[in-house]
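Q: Need a 3D model of the sequence below.
(chains A and B)
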2 protein chains.
Amino acid sequence: MTIPPAQRAAVIDLGSNTARLVLYYFRAGHSYHLEDEIRAVVRLREGLTASGLSSKAEERAFSVLQLFKDYCSAVGPEVIIPVATSAIREAANGAAFVKKVREEFGFDLRVLTGEQEAFYSCLGALNSVPCRDGLVMDTGGGSVQLGRLVDGRFESGQALELGALTLKERFVRSDPIKKREIKDIQNEIDRRLEKFSGWETAGRRLVGLGGTTRNLAKIQAKRQAFPLDHMNGFVLRRTSVGKIIRTLRRLPVQERGKLPGLSRDRADIILPGALVVQAVMDRLGVDELTLSAYGIREGLFLEHFWSDSPTKGPLELREFSLLNAARFYRYQEKHAHHVRHLCRRLFDQLAPLHGCGPDHRLLLDAASLLHDIGSAVSYNDHHKHSRMLIVSHGLPGFSPRETAVIALLAFYHRKGDPGIREFRSLLRPEDEAVVRHLAALLRLAECLERGRSGHVKDIRLSWSDSELTVTLIADTEPTVEIWDARQLASELLGQVYGRPVVFKSAKS
Amino acid sequence: MTIPPAQRAAVIDLGSNTARLVLYYFRAGHSYHLEDEIRAVVRLREGLTASGLSSKAEERAFSVLQLFKDYCSAVGPEVIIPVATSAIREAANGAAFVKKVREEFGFDLRVLTGEQEAFYSCLGALNSVPCRDGLVMDTGGGSVQLGRLVDGRFESGQALELGALTLKERFVRSDPIKKREIKDIQNEIDRRLEKFSGWETAGRRLVGLGGTTRNLAKIQAKRQAFPLDHMNGFVLRRTSVGKIIRTLRRLPVQERGKLPGLSRDRADIILPGALVVQAVMDRLGVDELTLSAYGIREGLFLEHFWSDSPTKGPLELREFSLLNAARFYRYQEKHAHHVRHLCRRLFDQLAPLHGCGPDHRLLLDAASLLHDIGSAVSYNDHHKHSRMLIVSHGLPGFSPRETAVIALLAFYHRKGDPGIREFRSLLRPEDEAVVRHLAALLRLAECLERGRSGHVKDIRLSWSDSELTVTLIADTEPTVEIWDARQLASELLGQVYGRPVVFKSAKS
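A: Alright, predicted model coming up:
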């Protein structure tokens, strides 16, 4: 496949509270990353009347759109995807506003329906967490979108007027919020949720995204000393949501703002939002939700990214996710893929000794593709940087636990005695042994691909109780590879697999 | 200037103990970075006799050269720079060896003289630490090179047979090393140093590089909890060297290997090496040396990098160093340079209020070019990543203290209350105020270049005791920039410069 040309896409999202421009750098169907983001508060609903947006709100919107226009002229994105949501959709003068925007700024604003908002939230979720069936909840400031996924596709969805800001403005008069007000909010939530038609078929899996959900997850992450910065795939339990709500109810807004993990500017709206999350979990009868870091804007971009691609649709999410990270950090493609090939050969033949299954094989695959990406930071200590990049970048489709295992394998690909370090709280008891078994294989494969030349074509393994024999298949004698493997890999391999290692070679 | 084409250069260094291939990715005179490194122990001096290299040593060398050849075929560097040093130079069959290498592997080995080794060490030093006059000491395993710099150029140099390995093999028989043996080593050092002809004109500045010096610096870095990973520019004091020697003398080799900062495989040779460093410092009468992270291999590469460049020679080291880092991390050139322009305008006009000098101006310059490079890790939290990258990558030509200030400024370019955090031990007392003053300027400049479009062309400042007026010069009203600056920059600016900030605009 030839590599598609580099392009930039700007998604302009004129939300009720905030206007955002996010810029992606991408090669259609091949790779993408977020390159820039501009955010400005526009408060379009402020002063909204029966006749529509107030002239002040329009002015705010126009000056931000002028900035976005200047930005686009300067940066020159090939693709511009401008959308507006509920404020414009519901304003009586929305159509006139859209026309003015087209004339003055040249942006062809697409006004999304509630169902379309739900669709793009679902598309975001599908591209960030593994989910084929279930409910996707996007907790926004103005409204909450619920979308149903069936067999990996969007089935239907709705926007409900349950945004955190909306509820706060309608019901909250006291600080701390009074019992009576909470009750009113809960009644309103129940009344609105009733109108969602998808409960029966929603399945029992919940994916959450949007400001409120993300903030609840961050508060909980602080409480449990979650060791990753990147929150994609974080599992938030219903019991945790309950506990956070109990804390929030006691605190005045001033104190809430100091809660570790909570953004200060959400202190006033977090509680109504949290009540919505709780109600949806109750209603669906789930004990946990999985956080998606992607939402509407990612969905809008990815629709373009995939539809414009030679493959006309997403690869398997995890496979793509690894390639996308590897490409962003400019991995050495041939070397990485050959190391993966050698790792697979080692893994499959040694199955009776390590007892790991296909899920672990995929983690080894991932680490073999990404083990050197730390060179994008600096060649020196690149194993440390690889770990850091895997954790910072995040790997859509992989859980935090899986991401941690991949980061550890990359960290230990050169040296060190593999342990589970700062990730202990994320891992399962058996993962320590898994990390040791897989790290030993990756380190060996790396030694055998020292010359970046694919010299060692294959590996054959055999063992007795007293010896593990590694036979390297190569056209010419792999002297240095054996030498290197003896110095750097055989001690760990022998330790982990419980017998001394002997290297041999054979002609291919 | 058009950007020169991307190339790769492999420097092959067949040393007495170790053979190395280092691969650089570069655009001549524009940018470069280390991309890969292969190291293999060859011990060429083992079994060396009057008739020359032993056949075993030759075999070891040949199998490594075969690996290097395979590597070069696979990676295809446009430039190959193969050199050999003292072992081949001194071996009776050296010329025959060089001929065989040419015939069998196609590498045209250049056998460096002692003076040439000193020359390339000096070239490495000139490209990594600010030094125009003084002595460059390269402490190798086989020999020590001393080179004199005069007015930023190599003047003369010599290789002395004072390598750590050489001394250890000749004099060390006991563990811990006996007083008598130490005395013998010191006598030998004095005798050899006597032969160096450059003492009178060597100046009073010492730059150190090579394994022994680097390891002494690392030991001292651990002792003083030096907060950077990157050691370039580290200042090692003579008193510290003396203390480390006293510790090393007491310990058997087994215990020495556990000393924090010391590489285990140097435990047996570090003490003789340290005695050389001490003797050179004594002889030169200096209280400190500055560590250079670059040495012979960097010198060999950089000679090519510059001679092949359109400019035919190095730019000012610091300026180049910043551009090189910025380019490696794919900075947004126009945006960064415009932010630098605005920062300079702010800095110069506010000089009466901040009282900072040209050295500080250069640090602000640096931070304005590098503030966004963290996006190469991930756009999210890129301010944190920028700090980390500046520290990991290192900035040749800047001291550790300066690097820390630049990293802090980049860290605070978006938000946070500027402090000096983990870098306290590196900084001077006045640096805390400097960081606050400069961070406030960078943050303002960043807000004013929000649209990446150069919209705000210039800034005029005026102030009274009660007000600081910032007038933005632009073709059209910079509404959003002012809005943004009010929200994100004016609080810090007002605090640091001691009066509230007022924004105005004027037509350009």
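Q: Off-centre distance for stretch A:358-365?
A: 19 Å (C-alpha atoms, centre = their mean, to the nearest Å).
Q: and the longest helix along chain A, what does it pack onto?
A: Longest helix in chain A, counting residues (DSSP state H): helix A:55-75. Applying 3 or more C-beta pairs under 8 Å, 6 or more residues apart in numbering or on different chains; DSSP states H and E, one finds that helix A:55-75 makes contact with strand A:6-14, strand A:18-27, strand A:31-41, helix A:94-105, helix B:479-488. Just so you know, the C-beta spots here come from the backbone N, C-alpha and C atoms, and that holds for glycine as well.
Q: and residue A:397, which of those is closest to it?
A: strand A:31-41 (14.5 Å; C-beta to C-beta).
Q: by how many degrees do the closest one and strand A:6-14 diverge?
A: Here the directions of strand A:31-41 and strand A:6-14 differ by 30 degrees (axes from the mean of the first three to the mean of the last three C-alpha atoms, to 10 degrees).
Q: picking that back up, can the helices and strands packed on helix A:55-75 go into a markdown table with extra columns for mean pLDDT, mean neighbour count and distance to residue A:254?
A: Formatted as a markdown table, the helices and strands packed on helix A:55-75 follow (pLDDT from 0 to 100; neighbours: other C-beta atoms under 10 Å in any protein chain shown; distance: least, C-beta to C-beta, whole Å):
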| stretch | mean pLDDT | mean neighbour count | distance to residue A:254 |
| --- | --- | --- | --- |
| strand A:6-14 | 97 | 21 | 31 |
| strand A:18-27 | 96 | 21 | 23 |
| strand A:31-41 | 92 | 18 | 21 |
| helix A:94-105 | 96 | 16 | 37 |
| helix B:479-488 | 89 | 19 | 20 |
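Q: now the ones you listed in a markdown table, with distance to residue A:259?
A: Shown next, in a markdown table, are these (distance: least, C-beta to C-beta, whole Å):
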| stretch | distance to residue A:259 |
| --- | --- |
| strand A:6-14 | 28 |
| strand A:18-27 | 22 |
| strand A:31-41 | 22 |
| helix A:94-105 | 37 |
| helix B:479-488 | 23 |
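Q: how close does the residue in the stretch 351-500 of chain A that chain B sits nearest to sit to residue B:245?
A: Going by C-beta to the nearest C-beta, chain B is nearest to residue A:453 of the stretch 351-500 of chain A, at 3.6 Å. Per C-beta to C-beta, to the nearest Å, residue A:453 is found 45 Å from residue B:245.
Q: model confidence over stretch A:240-255, on average?
A: Per-region confidence: stretch A:240-255 scores 95 on mean pLDDT.
Q: Counting neighbours, what do you get for residue A:465?
A: Neighbouring residues of residue A:465 were enumerated by other C-beta atoms under 10 Å in any protein chain shown; the total is 6.
Q: Double-check it against residue A:499; I have them as touching.
A: Yes. Look at residue A:465 against residue A:499 with C-beta atoms under 8 Å: they come within range, at 6.9 Å.
Q: Name the residues linked to the closest residue to residue A:235 other than its chain neighbours by a beta bridge.
A: Using C-beta to C-beta, 6 or more residues apart in numbering or on different chains and skipping residues adjacent in sequence, the residue nearest residue A:235 is residue A:288, 5.1 Å away. Beta-bridge pairing for residue A:288 (DSSP bridges): residue A:237.
Q: hmm, who's touching stretch A:147-162?
A: A:86, A:113-115, A:117-119, A:121-123, A:125-126, A:131-136, A:138, A:142-146, A:188-189, A:192-193, A:195-198, A:201-203, A:276 (C-beta atoms under 8 Å, 6 or more residues apart in numbering or on different chains).
Q: Pull the distance from the strand or helix carrying residue A:156 to the chain's centre.
A: Element membership of residue A:156, judged by DSSP states H and E, is strand A:153-160. Chain-centre distance of strand A:153-160: 21 Å, with C-alpha atoms, centre = their mean.
Q: Nearest to residue A:396, out of the helices and strands packed on helix A:55-75?
A: So among the helices and strands packed on helix A:55-75, strand A:31-41 is nearest, using C-beta to C-beta, at 11.0 Å.
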